[in-house]
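Visitor: pasting a predicted model and its sequence here:
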Amino acid sequence: MKFTKIIASLAIAGLVFVSCKKEEDKNLANIKSEKTAPKEHKAIAAENVQTASFTIDGMTCAVGCAKTIEQELSNLDGVEKATVDFDKKTATVTFDKTIQNPENLTKTVQETGDGKTYKVSNMKS
């Protein structure tokens, strides 16, 4: 009798664990897709378009570093387009100068890491 209760308890605990895990995975997938989904960009008036180019030091890979930084920049309000070239260690961002500025772009890049990993230099706008 005692053995049956133990088996039943383990089976119930296992079901709860598995069902919670699936729900957690669904929630995590939703959060990831929201964060990485490309943001729709509003058209920028021609007189407000500005482009900034800069160097990013500290990137170690094209996918984990460069693409992540590119996505973070692209998702900023007022950014029309952002490209990060891992091989050249450069970024080019086209943005609405009434909404964004080079200082915010720099801050976004540096905060993408731990605040120490990526360094922005040679900002030209």
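Guide: Sure thing, it's come through. Residues are numbered from 1 along each chain as shown.
Visitor: please report how far Gln50 lies from Phe95.
Guide: Here the criterion is C-beta to C-beta, to the nearest Å. By it, Gln50 lies 6 Å from Phe95. Any C-beta I mention is one placed from the backbone N, CA and C, and that applies to glycine too.
Visitor: more crowded one of these two?
Guide: In this comparison of Gln50 against Phe95, neighbours counted by other C-beta atoms under 10 Å, the higher total goes to Phe95 at 27 against 17.
Visitor: neighbours around the closest residue to that one other than its chain neighbours, how many?
Guide: For Phe95, the nearest residue in space outside its immediate sequence neighbours is Val79; the separation is 4.7 Å by C-beta to C-beta, 6 or more residues apart in numbering. Val79: 22 surrounding residues under other C-beta under 10 Å.
Visitor: please enumerate the helices of the chain.
Guide: In the chain, the segments counted as helices under DSSP state H are 2-36, 68-74, 102-112.
Visitor: the ones you listed: lowest mean pLDDT?
Guide: Of all these, the minimum mean pLDDT falls on helix 2-36 (a mean of 53).
Visitor: for Gly58, give its distance to Gln50.
Guide: 25 Å.
Visitor: pairing partners for the biggest strand by length in the chain, with directions?
Guide: Longest strand of the chain, by residue count under DSSP state E: strand 49-57. Each strand that pairs with strand 49-57, with its direction, by DSSP bridges: strand 90-96 (antiparallel), strand 119-124 (antiparallel).
Visitor: and it, C-alpha only, in CSV?
Guide: Backbone C-alpha positions of strand 49-57 (Å, rounded to 0.1, in the frame of the first residue of the first chain) are rendered in CSV as follows:
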residue,chain,number,x,y,z
VAL,A,49,17.1,61.5,-42.0
GLN,A,50,20.6,61.2,-40.5
THR,A,51,23.1,58.4,-40.9
ALA,A,52,25.7,57.4,-38.3
SER,A,53,28.7,55.2,-38.9
PHE,A,54,30.9,53.9,-36.1
THR,A,55,33.3,51.2,-35.1
ILE,A,56,32.4,48.5,-32.5
ASP,A,57,35.2,46.8,-30.6
